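J.: Quick one: sequence plus predicted model below, questions after.
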There are 2 protein chains.
Amino acid sequence: MSKGRQLKLGLFIQAAGHHIAGWRHADAQSGSENFELIKELAQTAERAKMDMVFLADGLTTSADAPASVVARFEPITLLAALSTVTSRIGLAVTASTTYNEPFNIARLLASVDQLSHGRAAWNVVTTSTLAAAKNYSAREHLDHSLRYERAAEFVEVVKGLWDSWEQQPYVVNKATGEYIAKEKLHELNHEGRFFSVKGPLNVTQSPQGHPVIIQAGSSDSGQDLAAQIGEVVFTAQQSLEDAQQFYAELKGRLPQYGRLPEHLHILPGLLPVIGATEREAKEKYEYLQSFIDDSFAYDSLTERFQYDMRTFSLDEPVPDIPESSGRKSRPQLLLKLARKEGLTLRQLYREVAGARGHRIAVGTPLQIADHIQQWFDGYAADGFNIMPPYVTGGLDDFVDGVIPELQSRGLFRTEYEGSTLRENLGLPIPVNRHTLVL
Amino acid sequence: MSKGRQLKLGLFIQAAGHHIAGWRHADAQSGSENFELIKELAQTAERAKMDMVFLADGLTTSADAPASVVARFEPITLLAALSTVTSRIGLAVTASTTYNEPFNIARLLASVDQLSHGRAAWNVVTTSTLAAAKNYSAREHLDHSLRYERAAEFVEVVKGLWDSWEQQPYVVNKATGEYIAKEKLHELNHEGRFFSVKGPLNVTQSPQGHPVIIQAGSSDSGQDLAAQIGEVVFTAQQSLEDAQQFYAELKGRLPQYGRLPEHLHILPGLLPVIGATEREAKEKYEYLQSFIDDSFAYDSLTERFQYDMRTFSLDEPVPDIPESSGRKSRPQLLLKLARKEGLTLRQLYREVAGARGHRIAVGTPLQIADHIQQWFDGYAADGFNIMPPYVTGGLDDFVDGVIPELQSRGLFRTEYEGSTLRENLGLPIPVNRHTLVL
């Protein structure tokens, strides 16, 4: 094993593929409610020694939603199921701080962390759409900055609940009747602006202490939250320069919170389209793009920018679009990309439809490995969250072609370093706030 | 297979045993956070062709909580994990309508129902303790009747969301690009007193349509809710006569909701203490009881009755205790039992500590089978939720000794009737409200 800085690789699972029309590829399987298929993807990623599988979430659907998300397993239950059919790979799941109670989220994730013996991670998101609010008896969604304030307190409460039990609280002495070490159980007694939560939590700590915290916001509020609590940051970056700037800026925010740069891993999304030759890869990409149906362009762009796009022509250059109070960072990245490349709205839609604003890399396994190494060596990324355009072929291409190349370059592990996700990511086990450190 | 009325049997899983000191039995294993142990229990129950495993829930803990519940897996995630290591047995889980959002519960349970291919059940409870409220930013718990009103609307919303998708919505036509049949997806647009929920849900229906609904309340409000929505009722009954009265009364409430008596199964809890001889069984029971520590008697009784019991002597007959606004039916059953049997508070505590107010049957496998048959034939029960006093021995005794006897009497299946829980329980698949019935 190389001792140097090592790549971290996630598999972002979408069981109809990440390309919006990936399920139409002749070789594609699909099924966001097909456990056998998802199990196969997770086991393939584990065989390849990838760090984690990553599950997104959404609190709404509609008849026009993309195939991967129109209907799907609730991700925490899916993760619990995956915990029984994998043994080493990390299990990362997205859950909203806006439409949940911290006690419920703390329990659900601690439970998955116990089921998996310390392999869970929580991607903290603040749900931003009005459509979601309408499924939760709310008339409107919270303003952007208020959502982030609530999110910060929510995470504080969850982490406090995760410290309810110090490590190894079980005694189980049949003779004396002592089942647990009572002094290792602690109330939280949190009283804050948004929440009051007494505790303690009724789940003990896994071997990794707390689930790993993932953050995906790239706005100023999002970056600040990430700098405070994020241990993995999942981001969308289109260019090496932008990614380097984001990387430097976010890592630069860590010292003010007393954190080391290596305790936060920045993983942009990457949708690889892989062919034996560059030409074959390009043809594969064009083949996938050929299935994109422009008739959803207006709906999709309107939802993405939370602005009525019907006032613009699809075939003119991308116009100025005001910021919404919903998602901020991702739309701005897209507009920047569009202006830089002189795209029309239709072209932007087709680009976005492919990978939802994430970087698409088209090439041979060597070219993909070069791209990954360039970003890694250039401190634009600590690794990537891999988004196969279709399954299972899109994952197999990456695992069989790119990962061995990364391994032979000494950039990626050939065996897991440990049994918990924290060990494999090189992250410290959080010191329980109640444990005396002498 | 007998064609007559058949017993239904659940396994109520508590992984440190149901007897409060069951974990101290010399042969006992324990571990409410030990998936391998719980998996073994579920697989044993499946080998025995039991209808379902049943998981309780609690939203609080304390250092003095019983071993089985002081810390444990969150039950929905545990059920999701169990779905992958079992294939036929039903998977029933408790979830509160008081500290959850209907959209979240609808998703979680629909997802487990999909993961298990139609084997999920939801035990609908209205959490009643002030301690729980304090984990959810609430200053006090809802009044009893308000909780039941909220519960009824909550279940209405959840069932509405479960009808978001008609059966078999997937088309997956790569040539045309049609992934789902859009006309099979429906919004709910619920606007009620407690909730407004637009829908649709982003999980489709399992082969059994909806998870089976279990209800456990035995108060008047609880029975009324059970008559409206319950398909299984889990109850505590101490005597044949009381159980017969409860059975007749509850089944008698069904016609006013247009329901057939056979579409609701009444399953009292039963804690069997089994020996090769009656004497051996009695000794085993006394052995278990010998571990009960009276020092928790006041705390336990105070929590159970939500009334300060320190004002009474443990060695005087059970006094009059006013009703609380928390749980109603279970405390009243206990008081009735205590008066009937002339128990002191200490004796009541010890009785309750054993099985939390559920019926304890001590005897040989034949005697336990006789007891079950007497209640079944006497229309006091449609079956039982079996509560092994310790694990795994307490379950093995039942599965190896009692079940074969029930099978040889033609009372219990020797093979599962179908692949879904509804099929095995003989319950109808709910007709989707959006499906045209011609």
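T.: Perfect, thanks for sending it.
J.: Could you tell me the phi and psi values at whatever residue of the stretch 301-438 of chain A ends up closest to chain B?
T.: Proximity of the stretch 301-438 of chain A to chain B (C-beta to the nearest C-beta) peaks at A:Y390, 10.9 Å away. C-beta coordinates here come from the backbone N, C-alpha and C atoms, glycine included. With angles defined as degrees, to the nearest 10, A:Y390 sits at phi -150, psi 160.
J.: A:H25 is in contact with that one, correct?
T.: Yes. Using C-beta atoms under 8 Å, A:Y390 is in contact with A:H25, at 4.3 Å.
J.: Between these two, which contacts overlap?
T.: A:17, A:288 (C-beta atoms under 8 Å, 6 or more residues apart in numbering or on different chains).
J.: Quick one: mean pLDDT over stretch A:27-40.
T.: For stretch A:27-40, mean pLDDT is 97.
J.: no no, stretch A:268-278
T.: For stretch A:268-278, mean pLDDT is 98.
J.: Can you give me the buried ones in that stretch?
T.: For stretch A:268-278, the neighbour count (16 or more other C-beta atoms under 10 Å in any protein chain shown) marks A:268-275 as buried.
J.: Same check on stretch A:178-198?
T.: In stretch A:178-198, counting by 16+ other C-beta under 10 Å, buried: A:179-180, A:184-188, A:190, A:192, A:195-198.
J.: hmm, back to that, any chance of the buried residues of stretch A:268-278 in JSON lines, with distance to B:R88 and secondary structure too?
T.: Shown next, in JSON lines, are these (distance: C-beta to C-beta, whole Å; DSSP: H, G, I helix; E, B strand; the rest coil):
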{"residue": "A:P268", "distance to B:R88": "44", "secondary structure": "strand"}
{"residue": "A:G269", "distance to B:R88": "40", "secondary structure": "strand"}
{"residue": "A:L270", "distance to B:R88": "42", "secondary structure": "strand"}
{"residue": "A:L271", "distance to B:R88": "40", "secondary structure": "strand"}
{"residue": "A:P272", "distance to B:R88": "41", "secondary structure": "strand"}
{"residue": "A:V273", "distance to B:R88": "42", "secondary structure": "strand"}
{"residue": "A:I274", "distance to B:R88": "41", "secondary structure": "strand"}
{"residue": "A:G275", "distance to B:R88": "45", "secondary structure": "coil"}
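J.: Next, format these as a markdown table and append distance to B:D400.
T.: Shown next, in a markdown table, are these (distance: C-beta to C-beta, whole Å):
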| residue | distance to B:D400 |
| --- | --- |
| A:P268 | 57 |
| A:G269 | 54 |
| A:L270 | 55 |
| A:L271 | 55 |
| A:P272 | 55 |
| A:V273 | 58 |
| A:I274 | 56 |
| A:G275 | 60 |
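J.: what bits of the stretch 1-150 of chain A have low per-residue confidence?
T.: A:1-3 (pLDDT under 70).
J.: before we move on, the earlier item: from the buried residues of stretch A:178-198, which two are the most distant?
T.: Farthest apart among the buried residues of stretch A:178-198 by C-beta to C-beta are A:Y179 and A:G192. That separation is 32.5 Å.
J.: and the lengthiest helix in chain A, how far from the chain's centre?
T.: Criterion DSSP state H: the longest helix present in chain A is helix A:144-162. Helix A:144-162 sits 18 Å away from the centroid of its parent chain (C-alpha atoms, centre = their mean, to the nearest Å).
J.: Between A:Y390 and A:H25, which is the more surrounded one?
T.: A:Y390 (26 against 21; other C-beta atoms under 10 Å in any protein chain shown).
J.: residue ranges of the strands in chain A, please?
T.: A:8-12, A:52-55, A:90-96, A:120-125, A:170-173, A:178-180, A:190-191, A:196-197, A:212-215, A:232-235, A:265-274, A:359-363, A:383-386 (DSSP state E).
J.: Kindly reformat the ones you listed as JSON lines containing distance to chain B.
T.: Formatted as JSON lines, the strands of chain A follow (distance: least, C-beta to the nearest C-beta, whole Å):
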{"stretch": "strand A:8-12", "distance to chain B": "18"}
{"stretch": "strand A:52-55", "distance to chain B": "12"}
{"stretch": "strand A:90-96", "distance to chain B": "10"}
{"stretch": "strand A:120-125", "distance to chain B": "10"}
{"stretch": "strand A:170-173", "distance to chain B": "6"}
{"stretch": "strand A:178-180", "distance to chain B": "4"}
{"stretch": "strand A:190-191", "distance to chain B": "9"}
{"stretch": "strand A:196-197", "distance to chain B": "5"}
{"stretch": "strand A:212-215", "distance to chain B": "17"}
{"stretch": "strand A:232-235", "distance to chain B": "21"}
{"stretch": "strand A:265-274", "distance to chain B": "18"}
{"stretch": "strand A:359-363", "distance to chain B": "21"}
{"stretch": "strand A:383-386", "distance to chain B": "22"}
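J.: Test my guess that A:T98 contacts A:R147.
T.: Yes. Taking contacts as C-beta under 8 Å, A:T98 lies within contact range of A:R147: 6.0 Å.
J.: In terms of neighbours, single out the busier of those two.
T.: A:R147 (23 against 20).
J.: and A:G252, how many residues sit next to it?
T.: 12.
J.: Also A:E423?
T.: Neighbours of A:E423 (other C-beta under 10 Å): 16.
J.: Let me know the distance separating the nearest residue to it once chain neighbours are set aside from A:L425.
T.: Spatial nearest neighbour of A:E423, excluding adjacent residues (C-beta to C-beta, 6 or more residues apart in numbering or on different chains): A:E417 at 5.5 Å. Separation of A:E417 from A:L425 (C-beta to C-beta, to the nearest Å) stands at 9 Å.
J.: Of those two, which one has the most company?
T.: Per other C-beta under 10 Å, whichever of A:E417 and A:L425 has more neighbours is A:L425, with 24 against 13.
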